[in-house]
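Colleague: have a look at this prediction, sequence included:
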Amino acid sequence: MQGDQDQDDQPPLLGSWPRLYLAALLSALLVMALIAAFSAERW
Amino acid sequence: MSALDWGVLGVYLVAILAVGVWAGRGNRRIDDFFLAGREMRWWAVGLSVMATQISAITFVGTTGQAYTDGLRFVTTYYGLPIAMVVLCLTFVPFFYRARVFTAYEYLERRFDGRARTLTSLLFLLSRGLSVGVTLYAPSLVMSVVLGWSEPATILLMGLSTVAYVLYGGNRSVIWTDVVQMGIIWFGILVCLGVAVFQLPEHFGLRDGLALAQAAGRLNSTDLSLDPTRPYTLWTGLIGGTFLALAYFGTDQSQVQRYLAGASLKQSRLALLFNAFLKVPMQFLILLTGVLVFVFYHFHPAPLLWNQVELKRLEQRADPQRLAGILDRYDGAQASREAAARLFALQRSQGRAPELEPLRRAQATLDGARAEAVAEVERLSGKSYNDTNYIFPSYILAHLPRGLAGLVIAVIFAAAMSTLSGEFNSLATATMIDFYRRFVRADGGEAHDLLMSRVFTAAWGGFACLVALQAGRLGSAIEVVNKFGSYFYGPILGIFLLATLTRASSDGAFWGLLSGFVTVLGLAFGTQVQWLWWIPAGAFTVVGVGLLITTLTARAEGSPAP
């Protein structure tokens, strides 16, 4: 039962929660950088 | 609106009621009614979380904000992904494993009944009053642009939402939110596509963006450290993180969405889904507003966006003075269009475009509008702001037939998805935190389900009543709207104390009161932007809570937290 619970707690992507959290934060950072680059671009 | 537009709006309303009724059939227990049987998948919960957050006024106000001020508002959302990760690590596992219905219920288990009663009461007061504004604000805009009476718009939005929430509870809320979020995303992409498509011939998207940039509408990153300035990068990253922590972590209208997840994993994934999508979505909404600003360089924009106020001004203002303002305004519009065409021509010839004629025309235009606004305010004795009217006016005047109806349906969807979550959560807090504790704990499933529906109807009715009276409340409506922001920081602080420390219930109680005092001091004694009140309030609660816990532990000779 405990094993099932652990299995259920694994995220479907990237293998572990810390990796998924890091991916979420890095993606947010990337989006912020893209928005800043979009604003700064000489259109 | 054309018959086709009305048809699209009608199909949307019928479809959403049908989805609400279909999804909500078979509720037997209050677990079903309030938490959708705790069986929802992450993507449905995630879309519901997003739909609950994006109200109609967020949608029309954000595009209007971009039209007048550019992209800077996007920074308000920069803290959201950080908050989602923090919540996945902290509050969500505690709430989920405690099997609670409300976030405040958890506080009783951790501290005592006082903390639960006080925080739940504050939620009911702030959310209960603001739900009326959530209904009134878009109804007012819709009534002006569609020419309907305010009560008709309020009752159509309010009662249709109450109908499906009353019948199906949280399952109906979540599944209608999924559909509504799909419509909102589709609407955003359609608006963006149409705004690009409607640029004049020989004027490409790059020209449009360059024009917006020249007018300062592409500025997104303000690095100022001044705490009285809104929308700086730091306000967004720090204040925005705390705002999102408070809203998604302690506001029952959001907590209840992810408590419906089928497992802790599903609830966490729902929040992370939001972390990935929210900032890009807000950026696209703002970009649409920027492109509408570019569009009006080549099409006449009304002097005032609120047509009712414009007509009133025409009737009551000194005709000579108004004619002078209109002359200057129309002349500046013509100059601005000529300057924009010259700007594009010079760019196409590979020359550096002249910005001065554009800026001069824009300054004259802004000056003439400011005079008109001052005249409206002088005649009415009230402040005037028509930012929320810009986007709906553009939709109805310039979108092709059918698409206008679709985007009006998007505004309805945004309003109804927020209202549904709020009605459902207000009923839950009333039922679980008050009725079952203080009135009748052993009513049985059928009785509890009936009372849950009674409370849903009561909060829906209350929201309609507040909205119907809101026009007469004047500046009191702003107080109501701001009411929740005084409590976000302190309530977040008490949840941080509960989940991250071993603070005592006395520490939590006195910390909470100190947090309120700090926020009220900042709100009424300084010019500090409201986003900073949240971290200030939260840190005060945690600091005072831990201090009192330590002092009382020493006095009693027990170990400190």
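Modeller: Cool, the structure landed.
Colleague: chain A: helices as residue ranges?
Modeller: Secondary structure of chain A (DSSP state H): helices at A:2-9, A:17-40.
Colleague: show me the contacts for the closest residue to chain B within chain A.
Modeller: As assessed by C-beta to the nearest C-beta, chain B sits closest to A:Ala28 within chain A, at 3.5 Å. (Each C-beta comes from the backbone N, C-alpha and C, glycine too.) Shown in contact with A:Ala28 (C-beta atoms under 8 Å, 6 or more residues apart in numbering or on different chains): B:78, B:80-82, B:275, B:279.
Colleague: also B:Thr63?
Modeller: B:Thr63 makes contacts with B:285-286, B:288-289, B:292, B:390-391, as judged by C-beta under 8 Å, 6+ apart.
Colleague: who's in contact with the helix or strand where B:Arg312 lies?
Modeller: Using DSSP states H and E, B:Arg312 falls within helix B:307-316. With C-beta under 8 Å, 6+ apart as the test, helix B:307-316 has contacts from B:144-145, B:302-304, B:322, B:372, B:375-376, B:379-380, B:384, B:386, B:389, B:393.
Colleague: which of the residues in it are buried?
Modeller: The neighbour-count check on helix B:307-316 (16 or more other C-beta atoms under 10 Å in any protein chain shown) flags B:309-310, B:313 as buried.
Colleague: tabulate the residues you listed (JSON lines), appending distance to B:Gly240 and pLDDT.
Modeller: JSON lines is the format used below for these (distance: C-beta to C-beta, whole Å; pLDDT from 0 to 100):
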{"residue": "B:Glu309", "distance to B:Gly240": "33", "pLDDT": "90"}
{"residue": "B:Leu310", "distance to B:Gly240": "35", "pLDDT": "92"}
{"residue": "B:Leu313", "distance to B:Gly240": "37", "pLDDT": "93"}
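Colleague: what number of residues lie near the residue lying closest to B:Ala163 once chain neighbours are set aside?
Modeller: Distance criterion C-beta to C-beta, 6 or more residues apart in numbering or on different chains; nearest residue to B:Ala163, sequence neighbours excluded, is B:Leu17 at 6.6 Å. The local packing of B:Leu17 (other C-beta atoms under 10 Å in any protein chain shown) involves 17 other residues.
Colleague: shouldn't B:Leu17 be within a helix?
Modeller: Yes - applying DSSP: H, G, I helix; E, B strand; the rest coil, one finds B:Leu17 inside a helix.
Colleague: returning to what we had before: now the contacts of A:Ala28 in CSV, with neighbour count and distance to chain A?
Modeller: Formatted as CSV, these follow (neighbours: other C-beta atoms under 10 Å in any protein chain shown; distance: C-beta to the nearest C-beta, whole Å):
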residue, neighbour count, distance to chain A
B:Tyr78, 27, 6
B:Leu80, 24, 8
B:Pro81, 29, 3
B:Ile82, 21, 7
B:Ala275, 25, 5
B:Val279, 25, 5
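Colleague: from the residues you listed, which single one is nearest B:Ala212?
Modeller: Nearest to B:Ala212, judged by C-beta to C-beta, of the contacts of A:Ala28 is B:Val279 at 19.6 Å.
Colleague: that closest one and B:Ile54, how far apart?
Modeller: Separation of B:Val279 from B:Ile54 (C-beta to C-beta, to the nearest Å): 13 Å.
Colleague: chain center to the helix or strand encompassing B:Phe293, what's the gap?
Modeller: B:Phe293 belongs to helix B:264-295 when assigned by DSSP H and E. Its chain's C-alpha centre and that of helix B:264-295 lie 13 Å apart, by C-alpha atoms, centre = their mean, to the nearest Å.
Colleague: relative to the whole chain's centre, how far out is the helix or strand that contains B:Phe95?
Modeller: B:Phe95 is located in helix B:91-98, with elements delineated by DSSP H and E. Counting by C-alpha atoms, centre = their mean, helix B:91-98 is centred 25 Å from the centre of its parent chain.
Colleague: distance between the next helix or strand after that helix and the chain's centre?
Modeller: Counting by DSSP H and E, the next helix or strand C-terminal to helix B:91-98 is helix B:103-110. Taking the mean of its C-alpha atoms, helix B:103-110 sits 26 Å from the chain's own mean (C-alpha atoms, centre = their mean).
Colleague: helix, strand, or coil at the residue nearest to B:Phe33 when sequence neighbours are not counted?
Modeller: Nearest residue to B:Phe33 in three dimensions, chain neighbours excluded: B:Gly169, at 3.5 Å (C-beta to C-beta, 6+ apart). Classification of B:Gly169 using three-state DSSP returns helix.
Colleague: so B:Gly169 versus B:Val190, what's the distance?
Modeller: From B:Gly169 across to B:Val190, the span is 32 Å (C-beta to C-beta).
Colleague: same check, this time on B:Arg217
Modeller: Applying C-beta to C-beta, the value for B:Arg217 to B:Val190 is 21 Å.
Colleague: compare these two and say which is more crowded by neighbours.
Modeller: B:Arg217 (25 against 17).
Colleague: quick one, what contacts the more buried one?
Modeller: B:66-67, B:69-71, B:290, B:293.
Colleague: distance of it from B:Val45?
Modeller: In this view, B:Arg217 and B:Val45 are 35 Å apart by C-beta to C-beta.
Colleague: same thing with B:Ala413?
Modeller: Look at B:Ala413 and B:Val45: by C-beta to C-beta, they are 18 Å apart.
Colleague: find the least confident helix or strand in chain B, judged by mean pLDDT.
Modeller: helix B:476-483 (a mean of 62; mean pLDDT, DSSP states H and E).
Colleague: ok, and the most crowded of the contacts of helix B:307-316?
Modeller: Neighbour counts for the contacts of helix B:307-316 were taken using other C-beta under 10 Å; the highest belongs to B:Val145, with 25 neighbours.
Colleague: tell me the contacts of the residue lying closest to that one once chain neighbours are set aside?
Modeller: Nearest residue to B:Val145, sequence neighbours excluded (C-beta to C-beta, 6+ apart): B:Pro392, at 4.3 Å. Residues in contact with B:Pro392 (C-beta under 8 Å, 6+ apart) are B:60, B:141-142, B:145, B:408, B:411.
Colleague: now B:Tyr486
Modeller: B:516, B:519-520, B:523, B:533.
Colleague: where does chain A dip in pLDDT?
Modeller: Residue ranges of chain A with pLDDT under 70: A:1-8.
Colleague: up against chain B, what does it have?
Modeller: For chain A, the contact set with chain B under C-beta under 8 Å from any C-beta of the partner chain comprises A:8-12, A:17, A:20-21, A:24-25, A:27-28, A:31-32, A:35-36, A:38-39, A:41-43.
Colleague: and those residues, which are buried?
Modeller: Among the residues of chain A next to chain B, those buried by neighbour count (16+ other C-beta under 10 Å) are A:11, A:17, A:20-21, A:24, A:27-28, A:31-32, A:35, A:38-39, A:43.
Colleague: give the contact list for B:Asn27.
Modeller: Counting by C-beta under 8 Å, 6+ apart, B:Asn27 makes contact with B:33, B:168-169, B:171, B:449.
Colleague: let's verify it: helix, strand, or coil?
Modeller: Here B:Asn27 is coil, with the state taken from three-state DSSP.
Colleague: confidence score at the closest residue to B:Gly158 other than its chain neighbours?
Modeller: Closest residue to B:Gly158 apart from its sequence neighbours, by C-beta to C-beta, 6+ apart: B:Cys464 at 4.3 Å. Per-residue confidence (pLDDT) for B:Cys464: 94.
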